[in-house]
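Engineer: Here you go, sequence then predicted model.
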Amino acid sequence: MSAPELTLTLTTTSERDVFCRPKQLLYPDYNENDGLIVPPNLNVLPNPIHRPNYARHFRIIHEHDAKIIGFRSIITSDEKFFVDESEADNFSYRRLFAKFSDGQNEECDFVERDGSVSGLFDPDPIVIEQPVIFVGSDEPSNFGSWLYRIIPKLIDAPYRDFPVLVYNNAPWMTGLIGRMFGGNVSFVNHWPRRGYVLRDALIPTLRNVDVYFDEEVRSFYKYSASMVDGKSPLEKIYLSRRGQKLRPLLNEAELEDRLVGSGFSIVRPETMSITDQIRTIRDARIIVCPGGSGLFPMVFATSAEFILDLEAGPEWVFAHHNLLRSTARRHTILFGTRVEGTQSPHASWRVDVDAVMTALAYGAG
């Protein structure tokens, strides 16, 4: 059976029917210098990056007989197309479709044609008859994506009343959402390479654009951290990437030895429960972390006095800088160097260990 082609008009979340009244989102007062510490004579981010984009409202869209393609593309029963982020400042369908054509993560292929969009739909879709909350997201297998895209969608959604359709194929995903919502979420697993028809769908919109958290999400994570029992004895921690295949830090052993000599403890998050991770990060005063998914639990770092983010290159600096400044963390972003002749953002890299120690002395005192 061949896949049927759909030709659709574009719409936005603000034009669709909602399950409940849209909620206005509030953000921290924007300050260009929020938390950025710039030690002299080091290869660091020297100035705050331009102001992030916001989503002004959070909506729960209510659709019947909606088709789902890929990670998060929604086709309405009246043959319109939208995604979760269309309400964000400066949202552009042109940029979105350019991303689709580059094959970046979305698991679907749409082409824009004179204000409409064309794509193929699964000829044998999965049909879900029961009402569900669909929290499809870009990069749904990524830990950071869960913390800034998926979990914030559920904060104001009726997750106690309806099952949640979400990509959920790893124990940490169930553990994380269970920790955040007290075990009150039931799941229907979403497989992005299959098409879906949802008879009755509640679709929360993306609320944290550019990884800049609104006030309610900040408070939610702060409260979640406070609900973890016990006290971690580790005041200075390094969140290790050892053993990771993406962006391996070639001189990480040397870096860890120097940090241990300065009183740091080496923490390997992938070996810990979600609860232990939150407790350890919540109670640490000084944190060093290579940029990546491991940086996103800084939403729980309520005791942190200084965070040193080590970046292999510029690709995700904007997101990581926004994460740290919107959560009001004093931070420095120090750049390493990729191995010669490589441009891939996931290539091997090194960091100047002396520069790390200098940045710590400057930022952490």
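Structural biologist: The structure has been received and is ready for your questions.
Engineer: Can you say which helix or strand has the closest residue in space to Trp146 that isn't next to it in sequence in it?
Structural biologist: Nearest non-adjacent residue to Trp146, counting by C-beta to C-beta, 6 or more residues apart in numbering: Leu176, 6.0 Å away. In short, each C-beta sits where N, CA and C put it, glycine included. Per DSSP states H and E: Leu176 is located in helix 171-181.
Engineer: Which strands or helices does that helix pack on?
Structural biologist: helix 151-154, helix 215-226, helix 274-283 (3 or more C-beta pairs under 8 Å, 6 or more residues apart in numbering; DSSP states H and E).
Engineer: Can you read off the pLDDT for Ser137?
Structural biologist: pLDDT for Ser137: 91.
Engineer: I'd like the helices and strands packed on helix 171-181 laid out as CSV, including distance to Thr205.
Structural biologist: Shown next, in CSV, are the helices and strands packed on helix 171-181 (distance: least, C-beta to C-beta, whole Å):
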stretch, distance to Thr205
helix 151-154, 7
helix 215-226, 13
helix 274-283, 26
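Engineer: mind checking pLDDT for Asn105?
Structural biologist: What the model reports as pLDDT for Asn105 is 64.
Engineer: Make residue 1 into 152 and carry on from there
Structural biologist: Yep, numbering from 152; the last one is Asn256 now.
Engineer: ok, Val339 to Ile212 distance?
Structural biologist: 18 Å (C-beta to C-beta, to the nearest Å).
Engineer: out of the two, which sits in the more crowded spot?
Structural biologist: Legend: neighbour count by other C-beta atoms under 10 Å for Val339 and Ile212, higher for Ile212 (24 against 18).
Engineer: So the residue lying closest to that one once chain neighbours are set aside: helix, strand or coil?
Structural biologist: Spatially, and ignoring its direct neighbours in sequence, Ile212 is nearest to Ile354 (4.2 Å; C-beta to C-beta, 6+ apart). When classified by DSSP: H, G, I helix; E, B strand; the rest coil, Ile354 comes out as strand.
Engineer: Look up how far Thr325 lies from Val315.
Structural biologist: Distance check for Val315 against Thr325: by C-beta to C-beta, it reads 11 Å.
Engineer: With Val450 instead?
Structural biologist: As judged by C-beta to C-beta, Val450 and Thr325 stand 19 Å apart.
Engineer: The residue most central in space within the chain - nearest residue in space that isn't next to it in sequence?
Structural biologist: Nearest residue to the geometric centre of the chain (C-alpha atoms, centre = their mean): Ser296, 2.8 Å. With sequence-adjacent residues excluded and distances taken as C-beta to C-beta, 6+ apart, Ser296 is closest to Glu290, at 4.1 Å.
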